[in-house]
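S.K.: how does the following fold in three dimensions:
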Amino acid sequence: MMAEYLLFATERYALPILAPLAQALHASGQSVSAWFADGAAGSQLPGVPNVDLRQALALRPRAVFSAANWVPPFIAGAKVQVFHGFNVQKRDSARGHFRVRGLFDLYCTQGPATTDPFRALAEREGHFAVAQTGWPKLDPLFREDGGASAALRAPAAGRPVILFGSTFTERLSAAPHLYDQIAADIARGERYWLLTLHPKCSEALFARYRALAGAHAAFIEPEQVMAAQRAADVLVSDTSSIVSEFLVQHKPVVTFRNRVPQPHMIDFDEATALPAMLDRALAPEPALMAEIRRYAETIHPYRDGCSSERVIAATEDFLAGELGVLKRKPFGAWTRGLQIRRELGYWGPAKR
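M.R.: Model prediction:
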């Protein structure tokens, strides 16, 4: 019998995370709908109908897959956290990646670096389960993409391809600081650039970077970012989750003033050093490549493009009771649920 599943997101950057999951559910013959709220409202995934809150309640989904920090607890089904990024240490763990709010039943973790802390939290708290599955967003990096990445690379005509991606966090963003150097490198034409910004960056910043598109550069929308990562030889970034995503491919990353620089990065502080950093990244030394491979194994050891299928299998195991019996959710989850109801303007009954 066909089951109903619901995808949930609050930002556009969640779409590349949920798209492979939707494809895997469709491939297994399941019915999939999406509820996109807040910054993701109005977005669309191919072949996935959009629903509003009341329609989501009426669906009574078997599971809700959330690529956001929260999920409405009063919608039916298992609440599954699939994450909206890697832990890149933008803030301390208690406020960031490992914050547990009592809203989720199952955390589908990306690799040992995420799994081990969440399993320790699950053992302590007892009200959620953990399964290491890999991250659906990265599936397209290791599967054929219908020529999307080749199409992005084609205008380079044999030149090295550099992807630039920046966080929206103002104190950490490289975008304002590196603009002049990137513009100068594009003007020289020795390398081909793919430019993208976090959807939350300012419109003024978007306008500046879009204007760089031409014979030596292209601007990439959020929905194209995974294909751009496949197409690029090197990433230039800052303290953004895209750094970890790119490194999983065993490709070098140049970071500008990373909050916690590490041996798998080529980190630098002065914008004028960008050309030299790019030269180094395009001819990486063996020690750097060894650090990149080591780091990739800790954050995401899967290179088969099947993380979405593992998420679905883990969810079914959870629903079958194979991941243990959970304790009741903490009081904080109840108060957070009330806050969500107030924010959404919904005071109807829970659909359990």
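
S.K.: low-confidence ranges, the stretch 251-352 of the chain, go.
M.R.: Filtered on pLDDT under 70, the stretch 251-352 of the chain yields the residue ranges 349-352.

S.K.: the helices in it, which residues?
M.R.: 274-282, 286-299, 307-319, 331-344 (DSSP state H, counting those that start in this stretch).

S.K.: wait, which of these is closest to Gln23?
M.R.: Gln23 lies closest to helix 307-319 among the helices of the stretch 251-352 of the chain, at 7.0 Å (CB to CB). Using the backbone N, CA and C atoms, a C-beta is placed for each residue, glycine as well.

S.K.: for that closest one, packing partners?
M.R.: helix 15-27, strand 63-66, strand 78-81, strand 106-109, strand 129-132 (3 or more CB pairs under 8 Å, 6 or more residues apart in numbering; DSSP states H and E).

S.K.: can you convert the helices of the stretch 251-352 of the chain into JSON lines and add a column each for distance to Val325?
M.R.: Output for the helices of the stretch 251-352 of the chain, formatted as JSON lines (distance: least, CB to CB, whole Å):
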{"stretch": "helix 274-282", "distance to Val325": "49"}
{"stretch": "helix 286-299", "distance to Val325": "30"}
{"stretch": "helix 307-319", "distance to Val325": "11"}
{"stretch": "helix 331-344", "distance to Val325": "17"}
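
S.K.: now Phe256. Nearest residue, chain neighbours left out?
M.R.: Leaving aside its sequence neighbours, Phe256 sits nearest to Ala174 (CB to CB, 6 or more residues apart in numbering; 3.8 Å).

S.K.: tell me the contacts of the one you found?
M.R.: By CB atoms under 8 Å, 6 or more residues apart in numbering, Ala174 lies in contact with 166, 236-238, 255-257.

S.K.: switch the helices and strands packed on helix 307-319 over to JSON lines; also include distance to Ala313 and mean pLDDT.
M.R.: As requested, the helices and strands packed on helix 307-319 are arranged in JSON lines below (distance: least, CB to CB, whole Å; pLDDT from 0 to 100):
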{"stretch": "helix 15-27", "distance to Ala313": "10", "mean pLDDT": "95"}
{"stretch": "strand 63-66", "distance to Ala313": "12", "mean pLDDT": "98"}
{"stretch": "strand 78-81", "distance to Ala313": "12", "mean pLDDT": "97"}
{"stretch": "strand 106-109", "distance to Ala313": "10", "mean pLDDT": "98"}
{"stretch": "strand 129-132", "distance to Ala313": "9", "mean pLDDT": "98"}
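
S.K.: need these in CSV (columns: mean neighbour count and distance to Phe268).
M.R.: Below are these laid out as CSV (neighbours: other CB atoms under 10 Å; distance: least, CB to CB, whole Å):
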stretch, mean neighbour count, distance to Phe268
helix 15-27, 22, 28
strand 63-66, 27, 36
strand 78-81, 23, 34
strand 106-109, 26, 31
strand 129-132, 22, 34
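
S.K.: can you list the domains in the chain?
M.R.: Split into domains by automatic domain parsing, the chain comes to 4-140+305-344, 145-299.

S.K.: Gln224: what's it in contact with?
M.R.: Each residue near Gln224 by CB under 8 Å, 6+ apart is listed here: 148, 152, 196.

S.K.: now the first one: closest residue in space that isn't a chain neighbour?
M.R.: Okay, so that is Ala148. Ala148 sits nearest to Ala227 (CB to CB, 6+ apart), 3.8 Å away.

S.K.: state the helix or strand in which that neighbour lies.
M.R.: Per DSSP states H and E: Ala227 is located in helix 225-231.

S.K.: what packs against that helix?
M.R.: helix 148-153, strand 161-166, strand 192-197, helix 241-247.

S.K.: state the next helix or strand along the chain beyond that helix.
M.R.: Following helix 225-231 toward the C-terminus (DSSP H and E): strand 234-237.

S.K.: near Tyr192, how many other residues are there?
M.R.: Look at Tyr192: counted by other CB atoms under 10 Å, it has 24 neighbours.

S.K.: just give me the neighbour total for the closest residue to it other than its chain neighbours.
M.R.: What sits nearest to Tyr192 in space, not counting adjacent residues and going by CB to CB, 6+ apart, is Ala156, at 3.6 Å. The tally of other residues near Ala156 (other CB under 10 Å) stands at 19.

S.K.: do the same with Tyr302
M.R.: For Tyr302, using other CB under 10 Å, the count is 18.

S.K.: ok, it - contacts?
M.R.: 111, 134, 138, 310.

S.K.: just to be sure, the second one is in a helix?
M.R.: Think Gly134. No: Gly134 is assigned coil when assessed by DSSP: H, G, I helix; E, B strand; the rest coil, not a helix.

S.K.: so it makes contact with Gln110?
M.R.: Yes: under the criterion of CB atoms under 8 Å, Gly134 makes contact with Gln110 at 6.1 Å.

S.K.: list residues touching both of the two?
M.R.: His300.

S.K.: about what we covered before: save the contacts of Tyr302 as CSV, and put in neighbour count and distance to Gly102 too.
M.R.: What follows is those, written out as CSV (neighbours: other CB atoms under 10 Å; distance: CB to CB, whole Å):
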residue, neighbour count, distance to Gly102
Gly111, 21, 24
Gly134, 25, 25
Leu138, 26, 28
Arg310, 20, 25
